[in-house]
Each structure stands twice: as C-alpha cells, then as structure tokens.
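>>> what follows is a predicted protein model with its sequence.
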Amino acid sequence: MIKTLKQFSKAQIMAWLDAIKDPEIPVISIADLGVLYDVQVEKTTVEVSILPTYSGCPAMDSIQEDIIKHLQKQGIEQVRVKIINSPAWTTDRITEQGRQQLHAYGIAPPQSKTGQPIACPQCQSTNTTCISQFGSTACKALYRCEDCLEPFDYFKCHV
C-alpha cells in the first residue's frame, strides 16, 4: 500500500529543508541562501525545486542528495528534486539572516549598490582591494583588507 503525504504540510517540509546547509558555505542553509525555491506535496511524492547560484554550480548534486536523504529520514519515501533556471537565482534571494551568517563566517555578503566599497568581515574596514574576480568558488571574488591585511571572500552580487 502506498502511503499518501497528507500528514506533511508544505510549511513543515520547508522547515525541515532549512536544516540543509550549502556544502560550500556550511554555515548557511539552502533556504537562507535562496537556493530553495519551492516544495510541492503530491499524493505520494514531494517535489523540491532548487535554483543554482550560477550555471554549472557543482554544489547542486550534493544539495540534491542532501535533500533526498533528509526528507527520507523524516519519513518521506519518494522525493524528487528539480534544478530550475527560471527564475534565475540572484543575490537578492539571500535572507538578512543569511547575510549575517556569511559575514560571521568571514565572507563579505553581496552589496546591493554598485560602487559601494566592500567591507572586511574581520575588521569592518572599507579599505579593501580586489585581488582576483575568482575566489574559492565561482560565485565569490578574493579581496584583501589593506588595514588588517587579511584576505577574504566576497560573495559577488548577481542581479
């Protein structure tokens, strides 16, 4: 007999998925990063839609596996994960809590206004220099603080 999923609400499933962390930035959830797009509860299957931060993001496979395993641990046997590209993910999708988590982890969160100086997450100085447009991942750039001399990642703005 196939179990229906009537006992699982969309809100409950979204709350469970908030526990899934981004594999490249393990302090931020896929929900706070804005990668988690939607959940649909069907009769016997939960379908989760996720948005890649950029085309070809290598973290998507790991995130898919984490979603499936996590929901199966909650008693949902049939889980389908869709990677969607429309609407496109933008840094506007990162929650305020997510921005604070990035900062606390040592990554400068994206600036919404272009031309604004990038503040060092260690000492808050805006006396910073971009060393490379390519940081530890394609969605980040490498900066150096000219005051404390510490290097740091800046999460590039994608709008």
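Received, thanks.
>>> can you count the residues close to residue 147?
By other C-beta atoms under 10 Å, the residues close to residue 147 number 14. The way it works is simple: take the backbone N, C-alpha and C, and place the C-beta from them, glycine included.
>>> and the gap between it and residue 82?
45 Å (C-beta to C-beta, to the nearest Å).
>>> residue 124 too?
40 Å.
>>> then residue 53?
For residue 53, the distance to residue 82 - C-beta to C-beta - is 16 Å.
>>> same thing with residue 74?
19 Å.
>>> again, but for residue 98
Distance from residue 98 to residue 82, by C-beta to C-beta: 22 Å.
>>> with neighbour numbers in mind, choose between the two.
Set residue 98 next to residue 82 and count neighbours by other C-beta under 10 Å: residue 98 wins out with 23 against 12.
>>> whichever strand or helix holds that one: which residues count as buried?
Per DSSP states H and E: residue 98 is located in helix 96-105. Neighbour counts over helix 96-105 (16 or more other C-beta atoms under 10 Å) mark 98, 99, 101, 102, 103 as buried.
>>> before we move on, what about stretch 39-52?
Under 16+ other C-beta under 10 Å, the buried positions of stretch 39-52 are 39, 41, 46, 48, 50, 51, 52.
>>> determine which two of those residues are furthest apart.
Maximum pairwise distance among the buried residues of stretch 39-52 (C-beta to C-beta): 23.2 Å, between 41 and 52.
>>> residue 36 - nearest residue in space that isn't next to it in sequence?
residue 30 (4.6 Å; C-beta to C-beta, 6 or more residues apart in numbering).
>>> got the contact list for the helix holding residue 98?
Residues outside helix 96-105 that contact it (C-beta atoms under 8 Å, 6 or more residues apart in numbering) are 25, 27-29, 32-34, 94, 108-110, 121, 155.
>>> can you give me the strands in the chain?
For the chain, the strands defined by DSSP state E cover 36-41, 46-50, 79-83, 107-108, 128-132, 140-145, 151-155.
>>> output the longest helix belonging to the chain.
helix 59-73 (DSSP state H).
>>> and the closest residue to residue 48 other than its chain neighbours, how far from residue 140?
In space, not counting the residues next to it along the chain, residue 48 is nearest to residue 81; the distance is 4.9 Å by C-beta to C-beta, 6+ apart. Separation of residue 81 from residue 140 (C-beta to C-beta): 24 Å.
>>> pick out whichever of these two has more residues nearby.
Comparing residue 81 with residue 140 by other C-beta under 10 Å, the one with more neighbours is residue 140, at 23 against 18.
>>> fine by me, thanks again.
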